[in-house]
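Student: Task: produce atomic coordinates for the following.
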Amino acid sequence: MATTTLKGTPFDRQVLDSMLRRRLFYTPSFEIYNGTAGLYDYGPPGCALQANIIDLWRKHFVLEEDMLEVDCTALTPAEILKTSGHVDKFADWMCKDPKNGDIIRADHFVEEILESRLKGDKAARGVTVAAKEEDPKKKKKKTKGIAEAVKLEDAVVKEYEEVLAKIDNYNGEELGELIKKYELKNPATDVQPEPPVAFNLMFQTAIGPSSNAPGYLRPETAQGQFVNFAKLLEFNQQQMPFASASIGKSFRNEISPRSGLLRVREFLMAEIEHFVDPEGGKKHPRFHEVADIELVLLNKHTQLSGKTDLDKVTIGKAVADGTVDNETLGYFLARIHLFLKKIGVDQSKIRFRQHMANEMAHYAADCWDAELQTSYGWIECVGCADRSAYDLTVHAKKTGAPLFVRERLDKPITIEEWQIDLDKKKFGPFFKKDGKTIETAIEALSQEKREALAQDLKADGKITVDVEGVGNGKVEVSKDLIAIERRTRTENTREYTPNVIEPSFGIGRILYCLFEHNYWTRGSDGGDEARGVLSFPPTVAPTKVLLVPLSSNESFKPLVKDMSLKLRALGISSRVDDSSASIGKRYSRNDELGTPLGITIDFQSVKDKTFTLRDRDSTKQVRADEDSIFAAIRSLVDGSKVWADIEKELPVFEGQDLEAELPVR
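Tutor: Prediction:
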């Protein structure tokens, strides 16, 4: 499907990218040194847009849900990430080209070549295919044979489409088989790459002057929240459920970063860890507030059948029929949807895609991604995972820290269980240095295993226990050292490890998608070049108000200064453009920056202190006194009103058509 602008016209990524760099929304890092792939700096408007998105995120989630915000270190000892599973499992599959040494990400390689062959098939069948926008820096690359108009068998087309629908579900071995089966070759060398191997995405470092304390730059902000769980629970007066939140930089050593801001090596994340009691189906007390919100869903069953059909259903129905695992997960999917809508995501370009089995993170029980459609395709911008009790369990097991909840029961409960008694006086001396390891292994035995061992002890006078790292892994314990009996005990408290629902936001990706979703061009009747506009909602726009004196006449300066100070006092960002350019040009170049409102100060303003207020998108204007103009600006910036409301409340200004001025060239 061809990408379109906000107004539905054909989208040109190169034009937008050129405008964003020219207006310093962002720029490649270290560009005067030829740059480094996957690293970008934000300029003034980019910083302001990001800060406004984060501010709205805090209000929408942290404030609204009464979350506990923490700011944890990015430098993480290796032991923590080894325990969490990241050292062993946080990897992508990469292939090496044997001819030129290129490193290629395997799933992207398969995806691009099969998509190109399908495009060639359509061309051969006479079907018009919209050209995919390319990064101008990559046009020098040899693209031999991958975009040729070659007709494929219908069965092959269907097979390719099915592979692409579930591309995220293949492991390294399966990707290697696809490369061989379809004879996929690197277009740059016409050589088939070597079989895929796993590449860990974390940046490794050493903490301190010696290399004895290895560490990593964190790949996510979550682990800092998990290891502080007991302290946060105490801070929250032992009350469950509760959520922590964190906003900060994370780092991933991407194999071949491209696609601009969408795949970078350093990025800002905003993550929530909502801790919930696993008993009772993970209900959420506010789920009824969002139950009727409709979401566009792409579930795992549809993808595994090789399709990409979307369902538009209420989150209430999706939870009720089991598509979404539980209410708390569903609640956050709906709240994510509302947040993305609030900041200006095009509602026709959003879907929630469920993870398939193989692509599910090692800790997740269910996971959905909020994906936004761009010229690069569907881009994952928010992940919402049910991490079950994985993280707290592994960290507690490793450290012995009490990462659980203890709550008093209204009614005591009676528990029958198999209990183990060790004769400590004999046990330690008998097993010597291995005693503690064996004791820990015995204490960790499940009720089922204890019952079976009790029978062994009765029949044989001894038991055999699996203990990793001791002897051959099997340890015999005789009945004079151990007793296993079934007993009854009364419990007045309940202990449990909370489950975690984790919404995780990639702020840079969301920011880029907002550029594409809010970009359009304003044409000119005179055949002049189109003028770019970024229609950010006033709540997140980098600058809210442009102050435009009609000319450089001295009588305007006190009014400009006074209005600028008053807007600043209200916490509303503004800029003055008193250049010699025409008013049309001045408004046009600030439309490129996404500035939603403009105040024109003219000779009438000097006489009666009235001003015109201009709307960026419609270019319509109203005129009123200063207090009315400021009240209108406040209501637009805080999102309580839209421009149509202002037009009903204030007199429409039918003066000179300032937009007829010459456009910016």
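Student: ok, how many other residues are close to the nearest residue to residue 549 once chain neighbours are set aside?
Tutor: Nearest residue to residue 549, sequence neighbours excluded (C-beta to C-beta, 6 or more residues apart in numbering): residue 556, at 3.8 Å. All C-beta atoms are positioned from the backbone trio N, CA, C, and that covers glycine. Around residue 556 sit 20 other residues, with neighbours defined as other C-beta atoms under 10 Å.
Student: Does residue 556 touch residue 599 like I think?
Tutor: No - with contact defined as C-beta atoms under 8 Å, residue 556 does not reach residue 599; the gap is 11.4 Å.
Student: All the strands of the stretch 451-600 of the chain, in order from the start?
Tutor: 462-466, 474-478, 482-496, 499-506, 519-522, 531-534, 545-549, 574-576, 597-601 (DSSP state E, counting those that start in this stretch).
Student: For the fourth one, give me every contacting residue.
Tutor: Same thing as strand 499-506. Outside strand 499-506, the residues that touch it by C-beta atoms under 8 Å, 6 or more residues apart in numbering are 57, 61, 220, 222, 226, 267-278, 282, 328-329, 332, 335-336, 365, 380-392.
Student: Can you give me the first-to-last residue distance of stretch 502-522?
Tutor: Terminal residues of stretch 502-522 lie 41 Å apart, using C-alpha to C-alpha, to the nearest Å.
Student: what packs against the helix of greatest length in the chain?
Tutor: Looking across the chain with DSSP state H, the single longest helix is helix 106-124. Packed against helix 106-124, as judged by 3 or more C-beta pairs under 8 Å, 6 or more residues apart in numbering; DSSP states H and E, are the following elements: strand 91-96, helix 154-165, helix 172-181.
Student: mind listing what's buried in stretch 93-103?
Tutor: Across stretch 93-103, burial judged by 16 or more other C-beta atoms under 10 Å covers 93-97.
Student: brain fart, stretch 161-175
Tutor: For stretch 161-175, burial by neighbour count (16+ other C-beta under 10 Å) applies to 163, 165-170, 172, 174-175.
Student: Just the angle for the host helix or strand of residue 409 relative to strand 474-478, thanks.
Tutor: Using DSSP states H and E, the element containing residue 409 is strand 405-422. When axes from the mean of the first three to the mean of the last three C-alpha atoms, to 10 degrees is applied, the directions of strand 405-422 and strand 474-478 differ by 70 degrees.
Student: Each with direction, which strands does strand 405-422 pair with?
Tutor: Sheet pairing of strand 405-422 (DSSP bridges) gives strand 482-496 (antiparallel).
Student: report the angle between the axes of the strand it pairs with and strand 462-466?
Tutor: Using the same axes, to 10 degrees: strand 482-496 against strand 462-466 is 40 degrees.
Student: mind listing what residue 294 touches?
Tutor: Contact analysis of residue 294 by C-beta under 8 Å, 6+ apart lists 312-315.
Student: again, only this time at 6 Å
Tutor: Residue 294 makes contacts with 312, 314, as judged by C-beta atoms under 6 Å, 6 or more residues apart in numbering.
Student: So for it, what pLDDT did the model give?
Tutor: Residue 294 carries a pLDDT value of 96.
Student: which parts of stretch 85-92 are buried?
Tutor: 86-87, 90-92.
Student: If you could redo that for stretch 437-455, that was the one I meant.
Tutor: For stretch 437-455, burial by neighbour count (16+ other C-beta under 10 Å) applies to 438-439, 441-442, 445, 450, 453-454.
Student: Go through these and say which is closest to residue 13.
Tutor: residue 441 (58.3 Å; C-beta to C-beta).
Student: got a list of contacts for the strand or helix carrying residue 379?
Tutor: Take DSSP H and E as the rule and residue 379 turns out to sit in strand 377-388. Residues from elsewhere that reach strand 377-388 (C-beta under 6 Å, 6+ apart): 262, 325, 329, 332-333, 336, 363-372, 499-506, 509-510.
Student: and those, which are buried?
Tutor: The buried subset of these - by 16+ other C-beta under 10 Å - is 262, 325, 329, 332-333, 336, 363-372, 499-506, 509-510.
Student: Quick check: which helices or strands does the helix or strand bottoming out on mean pLDDT in the chain pack against?
Tutor: Sorting the helices and strands of the chain by mean pLDDT, DSSP states H and E puts helix 86-89 at the bottom, at a mean of 83. Here helix 86-89 touches no other helix or strand, going by 3 or more C-beta pairs under 6 Å, 6 or more residues apart in numbering; DSSP states H and E.
Student: export that helix as PDB, just CAs?
Tutor: Extracted in PDB, the C-alpha atoms of helix 86-89 (Å, rounded to 0.1, in the frame of the first residue of the first chain):
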ATOM      1  CA  HIS A  86      19.600 -11.100  28.500                       C
ATOM      2  CA  VAL A  87      23.200 -12.300  28.300                       C
ATOM      3  CA  ASP A  88      22.100 -15.600  26.800                       C
ATOM      4  CA  LYS A  89      18.900 -14.700  24.900                       C
END
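Student: quick check, distance from it to the centre of its chain.
Tutor: Relative to the centre of its chain, helix 86-89 is centred 20 Å away, using C-alpha atoms, centre = their mean, to the nearest Å.
Student: now stretch 495-508: mean pLDDT?
Tutor: Mean pLDDT, computed over stretch 495-508, is 96.
Student: got the end-to-end distance for it?
Tutor: Using C-alpha to C-alpha, the two ends of stretch 495-508 sit 40 Å apart.
Student: can I see the domain layout of the chain?
Tutor: Per automatic domain parsing, the structural domains of the chain span 13-84+209-391+501-506, 91-200, 411-494, 543-659.
Student: can I get those in CSV with distance to residue 5?
Tutor: Converted to CSV, the domains of the chain look like this (distance: least, C-beta to C-beta, whole Å):
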stretch, distance to residue 5
domain 13-84+209-391+501-506, 9
domain 91-200, 12
domain 411-494, 56
domain 543-659, 13
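Student: Quickly, which of those bottoms out on average pLDDT?
Tutor: Among the domains of the chain, domain 91-200 carries the lowest mean pLDDT, at a mean of 80.
Student: follow-up on the earlier one: just put the buried residues of stretch 437-455 in JSON lines and tack on distance to residue 49 and secondary structure.
Tutor: Shown next, in JSON lines, are the buried residues of stretch 437-455 (distance: C-beta to C-beta, whole Å; DSSP: H, G, I helix; E, B strand; the rest coil):
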{"residue": "438", "distance to residue 49": "59", "secondary structure": "helix"}
{"residue": "439", "distance to residue 49": "57", "secondary structure": "helix"}
{"residue": "441", "distance to residue 49": "55", "secondary structure": "helix"}
{"residue": "442", "distance to residue 49": "58", "secondary structure": "helix"}
{"residue": "445", "distance to residue 49": "56", "secondary structure": "coil"}
{"residue": "450", "distance to residue 49": "59", "secondary structure": "helix"}
{"residue": "453", "distance to residue 49": "62", "secondary structure": "helix"}
{"residue": "454", "distance to residue 49": "65", "secondary structure": "helix"}
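Student: Between those residues, which sits nearest residue 104?
Tutor: Nearest member of the buried residues of stretch 437-455 to residue 104, counting by C-beta to C-beta, is residue 441, at 44.6 Å.
Student: quick one: contacts for that closest one?
Tutor: Residue 441 makes contact with 465, 467, according to C-beta under 6 Å, 6+ apart.
Student: again, but for residue 336
Tutor: Per C-beta under 6 Å, 6+ apart, neighbours of residue 336: 370, 382, 503.
Student: Using the three-state scheme, assign it.
Tutor: Recorded secondary structure, residue 336: helix (DSSP: H, G, I helix; E, B strand; the rest coil).
Student: And it, how far from residue 374?
Tutor: Here residue 336 is placed at a distance of 18 Å from residue 374 (C-beta to C-beta, to the nearest Å).
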